[in-house]
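In: Give me coordinates for this.
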Amino acid sequence: MTKRKILSLTSSGILGAVALTASLATAAPAGATLAPVWDHLSFPYGYSDSGKQLKELNDVAALSGTQAWAVGQVRMEGWPYPPPGVVCPDLFRWNGQTWVNDRPDATCRGALTSVSAAADNDVWATGSAIAYHWNGTAWTLTPYPTDQNNPFYLDDVAAVGGTAFAVGRSDQSSSGVSTAGVIRWDGTAWQKMSLPPLPGSTDLSAVHALAPDDVWAVGTTNRYGPGTDAHTLVLHWDGRTWSRLPDPPKEALVETALDAVAARPGEVWAAGQRTTYEANGISVKKREAFAMRWNGSAWTVTPTPAITGWYGSAITSLAWKGTEVWAGGSGQDDATARSVGVLLRWNGTAWQQAPKPPLVDDYRIKQLGAVPGGGLWATGYGTRETDALAKGQFLARVTG
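Out: Alright, predicted model coming up:
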């Protein structure tokens with residue numbers, strides 16, 4: 001096991017980073033592929049009980065080993081139903097040594113749930129009803145198109161090449177039907193984009209931009225509808241139009257929801273959760289993590305390690321670690337009723353368990369963020385292996 005070293009405890013009482021050094025590890029031969037190593041674990045909010053969840057981390061994005069951003073929220077008392085205006089956006093910046101709080105403003109406009117960085121002067125942080133832009137000097141709140149009767153809720157954002165794409169849904173108050181939506185930043189304002197006809201109730205949960213003319217968005221059709229109708233939704237932007245990709249075959253008594261996407265030229269991954277029902281179409285038989293791969297012409301569903309049962313498991317994030325795709329999420333073991341972290345890596349032919357951060361098994365991964373050049377960050381909730389009382393919202397980095 002690698003050596004652990006506590007770096008700092010800030011004057012505000014927030015426990016600083018714990019570096020997991022590899023000084024005791026045997027050096028790898030020249031040219032050899034290094035095994036993944038978690039070299040940094042920190043709890044920016046310190047250790048706290050998750051009962052009230054007054055402070056949460058929701059997403060992380062990186063530009064390099066010395067530049068990264070993590071977003072979340074601070075809730076005032078009143079959990080689980082705080083009064084209006086008391087959910088505040090929160091943000092941390094990684095300076096290469098520690099996470100520093102860099103909250104965009106002092107207002108309480110809602111949580112930040114997604115962050116994406118294209119350059120050190122082009123970072124977007126969004127929540128369901130807010131969007132902030134970092135220009136290298138300051139954060140600026142940017143309004144986006146919405147309708148009071150059919151409000152648009154942002155779920156994810158991807159910054160690329162001076163522009164950005166944000167995905168989500170519009171809820172029609174009169175019918176209760178949601179409609180998937182995409183807005184694009186044109187350099188001065190957000191513009192609503194036209195999508196192909198999408199029958200039924202639809203939403204978009206995640207987006208990945210390879211270039212301004214190569215963007216992938218995933219979501220679900222009829223996610224909240226009756227019966228077992230929910231199925232995959234994948235869209236692609238080629239610089240001119242959005243088009244819908246063919247879905248994998250729909251299985252009887254099976255629902256599939258997508259909440260994560262990761263792309264590179266010639267290869268796209270989409271993931272989420274698959275729910276199988278009993279013959280009556282009502283009782284849940286099992287829930288399990290779901291992942292599928294696009295090779296340019298067809299989808300292939302790839303089996304994931306089983307954490308089955310009524311609660312099962314789900315993938316909430318995908319990210320590239322170099323040329324290898326990783327998946328993160330959480331589940332619950334029916335036998336023990338404990339949370340189970342989901343952290344997988346694709347070895348080229350199958351999903352396998354990835355080395356987990358130095359946390360006990362009942363951790364949860366919310367999001368993964370790729371570090372250009374290799375490595376990735378993970379954020380979620382967990383308990384330090386060496387101290388049962390050391391639990392809270394964490395950020396951890398893997399290299400190798």
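
In: What's the local residue count around the nearest residue to Asp229 once chain neighbours are set aside?
Out: Across the structure, with Cβ to Cβ, 6 or more residues apart in numbering as the measure, the residue nearest Asp229 apart from its sequence neighbours is Asn222 (4.1 Å). The C-beta positions use only the backbone N, C-alpha and C, and glycine is treated the same way. Look at Asn222: counted by other Cβ atoms under 10 Å, it has 21 neighbours.

In: Could you verify my assumption that Asn222 touches His231?
Out: Yes: between Asn222 and His231 a contact is recorded at 7.1 Å, counting by Cβ atoms under 8 Å.

In: can you tell me the helix or strand for the closest residue to Thr113 other than its chain neighbours?
Out: With Cβ to Cβ, 6+ apart as the criterion, Thr113 has its nearest non-adjacent residue at 4.7 Å, and that residue is Asn58. Taking DSSP states H and E as the definition, one finds Asn58 inside strand 55-64.

In: and the helix or strand just after that strand, how far from the chain's centre?
Out: The helix or strand immediately downstream of strand 55-64 is strand 67-75, counting by DSSP H and E. Offset of strand 67-75 from its chain centre (Cα atoms, centre = their mean, to the nearest Å): 12 Å.

In: List the neighbours of the helix or strand just after strand 67-75 that are in contact with it.
Out: Scanning forward in sequence from strand 67-75, with DSSP H and E defining helices and strands, the next element found is strand 87-94. When contacts are defined by Cβ atoms under 8 Å, 6 or more residues apart in numbering, strand 87-94 is touched by residues 44, 55, 57, 62, 66-76, 99-105, 107-112, 115, 125, 127, 130, 132, 139, 395.

In: Now list the buried members of the residues you listed.
Out: For the contacts of strand 87-94, burial is judged from neighbour counts taken by 16 or more other Cβ atoms under 10 Å, and it is met by 44, 55, 57, 62, 67-75, 99, 102, 104, 108-112, 115, 125, 127, 130, 132, 139, 395.

In: re the thing from before, the residue nearest to Thr113: how many residues sit nearby?
Out: 20.

In: and what of Gln367?
Out: Applying other Cβ under 10 Å, we find 27 residues neighbouring Gln367.

In: Over to Gly266?
Out: The criterion is other Cβ under 10 Å. On that basis, Gly266 has 8 neighbouring residues.

In: can you give me phi and psi for it?
Out: As for Gly266, its main-chain torsions (degrees, to the nearest 10) stand at phi 80, psi 0.

In: Likewise for Pro143?
Out: phi -70, psi 150.

In: what sits against the closest residue in space to it that isn't next to it in sequence?
Out: Beyond its immediate neighbours in the sequence, the residue positioned closest to Pro143 (Cβ to Cβ, 6+ apart) is Trp190, lying 7.3 Å away. Contacts for Trp190 were tallied using Cβ under 8 Å, 6+ apart; they are 131, 142-145, 166, 183-184.

In: Could you do Ala306 as well?
Out: Contact partners of Ala306, counting by Cβ under 8 Å, 6+ apart, are Glu288.

In: before we move on, what about Lys250?
Out: Neighbour list for Lys250: His231 [criterion: Cβ under 8 Å, 6+ apart].

In: For Pro36, see how far away it is.
Out: 36 Å (Cβ to Cβ, to the nearest Å).

In: Would you confirm that Gly162 contacts Gly187?
Out: Yes: if you go by Cβ under 8 Å, Gly162 and Gly187 touch, sitting 6.5 Å apart.

In: So these two - more neighbours on which side?
Out: Higher neighbour count among Gly162 and Gly187: Gly162, with 12 against 7, using other Cβ under 10 Å.

In: tell me the pLDDT at the spatially most central residue of the chain?
Out: The structure's the chain has its C-alpha centroid closest to Gln367; by Cα atoms, centre = their mean the separation is 3.4 Å. Per-residue confidence at Gln367 stands at 98 (pLDDT).

In: isn't it right up against Gly328?
Out: Yes: contact between Gln367 and Gly328 holds when scored by Cβ under 8 Å: they sit 7.0 Å apart.

In: Common neighbours of these two, please.
Out: Common contacts of Gln367 and Gly328 (Cβ under 8 Å, 6+ apart): 316-317, 378, 380.

In: so where's the stretch 1-150 of the chain uncertain?
Out: Counting by pLDDT under 70, the stretch 1-150 of the chain has low-confidence residues at 1-34, 48-53, 76-85.

In: Strands along that one, start to end?
Out: Taking DSSP state E, counting those that start in this stretch as the criterion, the stretch 1-150 of the chain carries its strands at 3-6, 18-21, 37-42, 55-64, 67-75, 87-94, 99-101, 114-119, 122-126, 131-134, 139-141.

In: Would you reformat those strands as JSON lines and include distance to Val207?
Out: Rendered in JSON lines, the data for the strands of the stretch 1-150 of the chain read as follows (distance: least, Cβ to Cβ, whole Å):
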{"stretch": "strand 3-6", "distance to Val207": "36"}
{"stretch": "strand 18-21", "distance to Val207": "32"}
{"stretch": "strand 37-42", "distance to Val207": "27"}
{"stretch": "strand 55-64", "distance to Val207": "12"}
{"stretch": "strand 67-75", "distance to Val207": "16"}
{"stretch": "strand 87-94", "distance to Val207": "20"}
{"stretch": "strand 99-101", "distance to Val207": "25"}
{"stretch": "strand 114-119", "distance to Val207": "9"}
{"stretch": "strand 122-126", "distance to Val207": "11"}
{"stretch": "strand 131-134", "distance to Val207": "13"}
{"stretch": "strand 139-141", "distance to Val207": "21"}
